[in-house]
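Undergrad: pasting the sequence and the predicted coordinates here, then a few questions.
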Amino acid sequence: MSLSYNKLKNKIVLVLNLTGGLENNGAFVTDVTNASRTMLMNIHNLNWSQEALDFFGFEQLNLPQIVSCSEIYGLLFDGSLKGVPIAGCLGDQQSALVGQQCFNVGDAKNTYGTGCFMLFNTGEKPVESKNGLLTTVAYKLGENLPACYVLEGSVAVAGSSINWLRNNLGLISDTRHLNELASKVKDTSGVYFVTAFSGLFAPYWRSDARGTICGITHFTKLEHICRATLEAVCYQSRAILEAMNNDSKTPLRTLKVDGGMSNSDLCMQIQADILGIEVDRPQMRETTALGAAIAAGFATGVWKSFDELSNINKDERTLFESKITKEKRQKMCQGWEQAVKRSFGWANPQTTVATHEKLQII
């Protein structure tokens, strides 16, 4: 709890100081997306929850006003840009969602960085997940506009698995090297790498899971391990997407992608193959920054409707479509699920682990 509030404080102080600080009546505010991360805001009415404050003993906490993501909070107090309005504020993943223009129910984006963060727009009503996902605020693009909500799922280890191969094992020199090696083989030859270095996040939520490589034979090469590393991110993203489809009852047809790992054509093609749907990558992938700019633009009158954004970051998008059969996809995913089950229980030797055959004690 203290960690969540400290993160919030950093953003409050940023806006507050940019607009002059307390001594100059600066803006003591936070937006709905950042406030929702504290577990102290009621996501239904967008106000601080007195029940939560009482429960955690924060009755005397001086909390900022909760505002929308797109309005003029104040003016830059000093410096060469003095007087410029501060007009947009969002959490980073919500900002990427706005930057990808996921404004319709059923739109989703996945950011591939150190970890993976997938957000699925559920519209103006929050959808309670029954599949291990987070229900949170997506954005509120105006003081008098309704908030929209998302289902969110995270992969703990994505790009950091590449760093592990490089820094810990010394098997590759950099990301480009991994992609070169992975592209030399047409598949992993039955190798699965469950990158559960610190457990598995959504939708598994297994803190007892640990990193596991399954299916190694005398014929396994480094190339297969490298490709399995890319596939691990894509399989875990598929698991999140399936949970979102089940919760929302709105099957996704296109996944918008960004982040460092999305620069890999091979990784994005693997993602399309494993998902069986189109993967859409923009030319400009700094979508978090773009989302903040869009929010500020709405507040200052640069744009007045979503339609006016239709040409922004639309040129030279790359679309990846599945190149494998449904039968092959199903077989690959079945193998992945078996590998995932074998990763369970390592952090606690007495954990009961479910396999396809029986319950066994590791």
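TA: Nice, thanks for sending it over.
Undergrad: can we go C-alpha only for contacts and neighbour counts from here?
TA: Noted.
Undergrad: output the host helix or strand of Cys333 as CSV, restricted to C-alpha atoms.
TA: Using DSSP states H and E, the element containing Cys333 is helix 326-342. Output of helix 326-342 as CSV, limited to C-alpha atoms (Å, rounded to 0.1, in the frame of the first residue of the first chain):
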residue,chain,number,x,y,z
LYS,A,326,-5.5,-23.9,-36.5
GLU,A,327,-4.5,-27.5,-35.8
LYS,A,328,-0.8,-26.6,-35.4
ARG,A,329,-1.7,-23.6,-33.2
GLN,A,330,-3.8,-25.9,-30.9
LYS,A,331,-0.9,-28.4,-30.7
MET,A,332,1.6,-25.7,-29.8
CYS,A,333,-0.6,-24.2,-27.1
GLN,A,334,-1.3,-27.6,-25.6
GLY,A,335,2.4,-28.2,-25.3
TRP,A,336,2.8,-24.8,-23.6
GLU,A,337,0.1,-25.5,-21.0
GLN,A,338,1.8,-28.8,-20.1
ALA,A,339,5.1,-26.9,-19.7
VAL,A,340,3.4,-24.3,-17.5
LYS,A,341,2.0,-27.0,-15.2
ARG,A,342,5.5,-28.3,-14.8
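Undergrad: packing partners of that helix?
TA: Here helix 326-342 touches strand 192-194, strand 212-214, helix 265-275, strand 352-354, going by 3 or more CA pairs under 8 Å, 6 or more residues apart in numbering; DSSP states H and E.
Undergrad: rerun that using 6 Å as the cut-off
TA: The contact analysis (3 or more CA pairs under 6 Å, 6 or more residues apart in numbering; DSSP states H and E) places helix 326-342 against no helix or strand.
Undergrad: name the surrounding residues that touch it.
TA: Ile274 (CA atoms under 6 Å, 6 or more residues apart in numbering).
Undergrad: again, but for stretch 39-48
TA: The contact list for stretch 39-48 (CA under 6 Å, 6+ apart) reads Ser49, Ala52.
Undergrad: how long is that stretch from one end to the other?
TA: 9 Å (CA to CA, to the nearest Å).
Undergrad: go through that stretch and flag the buried ones.
TA: By neighbour count with 16 or more other CA atoms under 10 Å, stretch 39-48 contains the buried residues Leu40, Met41, Asn42, Ile43, Leu46, Asn47, Trp48.
Undergrad: average model confidence for it?
TA: What stretch 39-48 shows for mean pLDDT is 96.
Undergrad: roughly how far out does that stretch sit from the chain middle?
TA: Counting by CA atoms, centre = their mean, to the nearest Å, stretch 39-48 is centred 21 Å from the centre of its parent chain.
Undergrad: before we move on, what about stretch 13-32?
TA: 28 Å.
Undergrad: center of this protein - which residue?
TA: Centrality entry for the chain: nearest residue to the mean C-alpha point is Phe117, 1.2 Å, by CA atoms, centre = their mean.
Undergrad: quick check: angle from the strand or helix carrying Glu180 to helix 265-275?
TA: For Glu180, the host element (DSSP H and E) is helix 175-182. In terms of direction (axes from the mean of the first three to the mean of the last three CA atoms, to 10 degrees), helix 175-182 departs from helix 265-275 by 60 degrees.
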